[in-house]
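Colleague: what shape does this take:
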Amino acid sequence: MDNIYTIPVNEAFEASAADKSCGCPFCALYNKLEDDQLDLILGASMMEPDVRIQTNKEGFCRPHYDMMFTRKNRLGMALTLESHLSELRGEIKDGALFSKPGEKPMKRILALEGSCYVCRRIEFNFQHMIETAVILWDTDEDFRPKLKAQPYFCLPHYRRFLEYASRRLGKKPYAEFEKEVSSIVNSYAEKLNDDISWFCKKFDYRYDDEPWYDSKDAVERSMKFLRSDLHNPPQKKKSAHNN
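Modeller: Numbers count the residues shown, from 1 in each chain. Coordinates of the predicted model:
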């Protein structure tokens with residue numbers, strides 16, 4: 001197995017096992033991939049002809065435009081936009097002889113709305129990382145305790161984890177895998193439900209004198225569990241950008 005995936009997967013699972021506040025290890029892996037891709041697109045890769053061809057074709061989704069903008073490299077972003085807009089201008093201009101008015105721009109804009117250079121690059125590597133985690137569970141005895149020690153898996157990544165395992169593993173090992181992973185998710189969901197219920201009760205005057213227990217951040221944790229905790233740069237990168 002290629003270390004390009006085994007090393008980051010092991011590191012993410014080790015970090016979440018050691019510090020529960022790290023959350024879902026797959027969210028951490030996604031955010032690291034995203035951070036690296038944004039660094040590249042506004043840095044070394046920006047002027048490479050093959051990259052420019054792809055960014056002109058695919059563009060970027062709004063979240064990644066926003067994240068690029070906040071990285072304080074307006075010149076790098078402007079150069080990318082200049083090239084993209086210059087090419088796009090002709091592609092959305094109507095005037096095809098054998099098509100209905102507006103058909104050409106509608107077709108090109110629809111394709112653009114469904115594409116993002118950064119999303120595609122992240123997804124290519126991210127799916128291999130999920131697959132690698134399943135393979136490590138199946139082939140590396142040292143990985144299993146790391147999986148069992150996870151605080152939780154967010155629901156979208158839990159689904160993908162099970163999905164790949166159901167294709168990769170045999171019937172018996174998959175049943176064991178599913179039991180281990182689902183136990184983590186179900187236990188966390190039960191605790192989270194208790195915490196969010198207690199959070200709600202704390203707004204009733206009858207519970208004014210009661211402690212908050214673990215409920216103060218229950219709303220934030222619920223959102224991360226239900227829809228992932230994405231688009232948050234790794235802590236070391238965030239600090240560097242804020243300096």
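Colleague: got the buried residues for the longest helix belonging to the chain?
Modeller: When the chain is parsed with DSSP state H, its longest helix is helix 171-201. By 16 or more other CB atoms under 10 Å, the buried positions in helix 171-201 come out as 174, 177, 181, 184, 185, 188, 189, 192, 195, 198, 199. In this view, the C-beta of every residue, glycine as well, is placed from N, C-alpha and C.
Colleague: what's the first helix or strand after that helix?
Modeller: Note on helix 171-201: by DSSP states H and E, the next helix or strand toward the C-terminus is helix 218-227.
Colleague: can I get that following helix as CSV, trimmed to CA atoms?
Modeller: The C-alpha trace of helix 218-227 is given here as CSV (Å, rounded to 0.1, in the frame of the first residue of the first chain):
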residue,chain,number,x,y,z
ALA,A,218,-24.0,20.5,22.0
VAL,A,219,-25.4,22.6,19.2
GLU,A,220,-22.0,22.9,17.5
ARG,A,221,-21.2,19.3,18.0
SER,A,222,-24.6,18.2,16.6
MET,A,223,-24.0,20.2,13.4
LYS,A,224,-20.6,18.7,12.9
PHE,A,225,-21.9,15.2,13.5
LEU,A,226,-24.9,15.6,11.1
ARG,A,227,-23.2,17.4,8.2
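Colleague: who touches it?
Modeller: Applying CB atoms under 8 Å, 6 or more residues apart in numbering, the external contacts of helix 218-227 come out as 23-24, 27, 152, 154-156, 188-189, 192, 195-196, 198-199.
Colleague: buried sites along that helix?
Modeller: 218, 221, 222, 224, 225.
Colleague: repeat that for stretch 203-220.
Modeller: Neighbour counts over stretch 203-220 (16+ other CB under 10 Å) mark 215, 218 as buried.
Colleague: and it, end to end?
Modeller: End-to-end span of stretch 203-220 (CA to CA, to the nearest Å): 17 Å.
Colleague: burial of residue 160, as a residue count?
Modeller: Counted with other CB atoms under 10 Å, residues neighbouring residue 160 total 16.
Colleague: residues in contact with it?
Modeller: Per CB under 8 Å, 6+ apart, neighbours of residue 160: 26, 127, 130.
Colleague: what is the neighbour count of the last one?
Modeller: Spelled out, that is residue 130. If we define neighbours as other CB under 10 Å, then residue 130 has 20 of them.
Colleague: got it, and the second one?
Modeller: Around residue 127 there are 12 other residues, counting by other CB under 10 Å.
Colleague: pLDDT value on it, please?
Modeller: pLDDT for residue 127: 97.
Colleague: okay, the angle between the longest helix of the chain and helix 218-227?
Modeller: Relative orientation of helix 171-201 versus helix 218-227 (axes from the mean of the first three to the mean of the last three CA atoms, to 10 degrees): 150 degrees.
Colleague: what mean pLDDT does helix 171-201 get?
Modeller: Averaged across helix 171-201, pLDDT comes to 98.
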